[in-house]
Each structure stands twice: as C-alpha cells, then as structure tokens.
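>>> sequence first, predicted model second:
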Amino acid sequence: MKKLSVVQLKQQAAVLDAVTKLEQQAQADLPGAVQCWFSLEYEAFPVSLLVRLQFTEQAMLDAAQPQLLVWQKRLSGLLLKKGIVLKDMRKHLVFTLSSPDD
C-alpha cells in the first residue's frame, strides 16, 4: 500500500473527525444507528467521498430514510467546518444495513 502524503493524512483526519461526530449524533438521535464509515479516493477528493451510516435492521432504516437529507446537510456542515466543500451533498451520505466487512 502506498504511503499517504501529508495533505492526504490531513484530509483523512478531517473526514474521520467529521464522520465520528456524525456517528455520535446519529447514535443519540436515530434508533438503530450502529456506526458510520467512509471510503474515498485521494486523487478524486472530495468528489469520491462516500459516508455510510449503518442500521441494525430494515425497519429502523426505513424509519430513518425520510431524514436522510437532514443528515446529509449535517455531514456537509461538519465537513465545511473542516474546510471541505461538498458540491452535491446528496451524493456523499447513504443509509445502509451493510457493515464495513460486507
């Protein structure tokens, strides 16, 4: 695996901090929220950023789905505080039942 540059490490740390805060809010506010994780390609950052919020079961996911836009705005705001601007916030957060290991 290629070693990350200083800039890439800063990007990763900023995203990790924002995603961790989002995860804590989700666990407090959304029933069934388990964890958040993200993937990104540094060459295409921030366009390639995809954050997933995992739920325990389909019923919880379905109940939270109408609030997806609110949570996408929260993620966008958290990243903006870190200096990361998402042009289309709707593409960067999804609700899922999958875990990072799936």
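Sure, I can see it.
>>> can you list the low-confidence ranges for the protein?
1 (pLDDT under 70).
>>> at 80 instead, please
Applying pLDDT under 80 to the chain picks out residues 1-2.
>>> neighbouring contacts of the helix or strand hosting Leu53?
Assigned by DSSP states H and E, Leu53 falls within strand 50-55. Residues outside strand 50-55 that contact it (C-beta atoms under 8 Å, 6 or more residues apart in numbering): 19, 22-23, 26, 30, 32-40, 61, 64, 71, 75, 91-100. The way it works is simple: take the backbone N, C-alpha and C, and place the C-beta from them, glycine included.
>>> stretch 58-78 now?
With C-beta under 8 Å, 6+ apart, stretch 58-78 has contacts from 18-19, 21-22, 25-26, 30-33, 51, 53, 55, 86, 89-90, 92-97.
>>> quick one: buried residues of the strand holding Leu53?
Residues of strand 50-55 classed as buried: 51-55 (neighbour count, 16 or more other C-beta atoms under 10 Å).
>>> just give me the longest helix of the protein.
helix 6-29 (DSSP state H).
>>> what's downstream of that helix, the next helix or strand?
Next helix or strand after helix 6-29 toward the C-terminus (DSSP H and E): strand 33-39.
>>> any idea what the most centrally placed residue in the chain is bridged to?
For the chain, Val51 is the residue whose C-alpha lies nearest the centre (C-alpha atoms, centre = their mean; 2.8 Å). Counting by DSSP bridges, Val51 forms beta bridges with Phe38, Leu93.
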